[in-house]
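S.K.: Pasting the sequence and the predicted model now:
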Amino acid sequence: MTRRVVTVGREARFKRIVRLMQERQVSALPVLEGMGRVVGVVSEADLLPKEEFRERFRDSDPDLPRSRLRSTGGTPVTQMRRLSDPAKAGAVTAGELMTSPALTVRADTTLAEAAQIMATVQVRRLPVVDGQDLLQGIVSRTDLLKVFLRDDEDIARQVRREIVSYLFPSPPSAVRVVVRDGIVTLTGSIPDRSLVPAAARLARAVEGVVDVRFELALP
């Protein structure tokens, strides 16, 4: 995670939020109160309804429906043009704009769990908090991808130590581990093929692993 996080308070004004996002090249800002408790997150998506408001209603009264002529037997039809989020279109502070409660993770959340949350709720960043919801940092999609820069030999050492020595303890040289470009290959002989699915699952959970392959034979 990134520990230096750009944040705002509830009273931060709309233009300051936009300016911070532009200057720091971020798409979302945690909103804090008190000693650093995360109470919400304001993102680009929270700001966009104001631009939608301007585009849709710049030439008319936003409190009235806009009329359009539609070809329905020559009869004029009045259509309401609704905003996707009218409340946020009129908001001016972070407290009014933010999405709350904030979706957060703890420091011990695994990268895989964080990635799953981001994919499920379609967010780019997650504030990292402690047990009192105090901000500790932020994890982004970029942070999740950095793990794949991990050295191949470092990955191999972890696979040997935490997986091979546990599932295939004897003899130690029966199963060999080779890692190239993040792809783990286990070669050699094993006494029980039923252990292969467990080995694959555990190896894929190792940070930096791109794929797992087997070239194993029964003794």
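M.R.: Yes, it's here.

S.K.: Going along the chain, name the strands of this protein.
M.R.: Listed in chain order, the strands of the chain (DSSP state E) span 8-9, 28-33, 37-43, 66-68, 77-79, 105-106, 125-129, 135-140, 175-180, 183-189, 211-217.

S.K.: I'd like to know which elements the third one is packed against.
M.R.: For strand 37-43, the packing partners by 3 or more CB pairs under 8 Å, 6 or more residues apart in numbering; DSSP states H and E come out as strand 28-33, helix 94-97, strand 125-129. Quick note: C-beta positions are derived from backbone N, CA and C, even for glycine.

S.K.: picking up where we left off before, mean pLDDT, distance to residue 202 and mean neighbour count for the strands of the chain - can I get that in a markdown table?
M.R.: Converted to a markdown table, those look like this (pLDDT from 0 to 100; distance: least, CB to CB, whole Å; neighbours: other CB atoms under 10 Å):
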| stretch | mean pLDDT | distance to residue 202 | mean neighbour count |
| --- | --- | --- | --- |
| strand 8-9 | 96 | 42 | 17 |
| strand 28-33 | 96 | 34 | 23 |
| strand 37-43 | 94 | 33 | 22 |
| strand 66-68 | 43 | 59 | 12 |
| strand 77-79 | 37 | 58 | 10 |
| strand 105-106 | 94 | 22 | 16 |
| strand 125-129 | 93 | 25 | 24 |
| strand 135-140 | 93 | 23 | 20 |
| strand 175-180 | 94 | 12 | 18 |
| strand 183-189 | 93 | 10 | 18 |
| strand 211-217 | 90 | 9 | 14 |
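
S.K.: Could you export these as a markdown table, including distance to residue 168?
M.R.: Formatted as a markdown table, the strands of the chain follow (distance: least, CB to CB, whole Å):
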| stretch | distance to residue 168 |
| --- | --- |
| strand 8-9 | 53 |
| strand 28-33 | 45 |
| strand 37-43 | 44 |
| strand 66-68 | 71 |
| strand 77-79 | 69 |
| strand 105-106 | 33 |
| strand 125-129 | 36 |
| strand 135-140 | 34 |
| strand 175-180 | 5 |
| strand 183-189 | 8 |
| strand 211-217 | 9 |
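
S.K.: Out of the ones you listed, flag the one nearest residue 167.
M.R.: Residue 167 sits nearest to strand 175-180 of all the strands of the chain, at 8.3 Å, using CB to CB.

S.K.: about what we covered before: now the helices and strands packed on strand 37-43 as JSON lines including distance to residue 20?
M.R.: JSON lines is the format used below for those (distance: least, CB to CB, whole Å):
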{"stretch": "strand 28-33", "distance to residue 20": "6"}
{"stretch": "helix 94-97", "distance to residue 20": "10"}
{"stretch": "strand 125-129", "distance to residue 20": "14"}
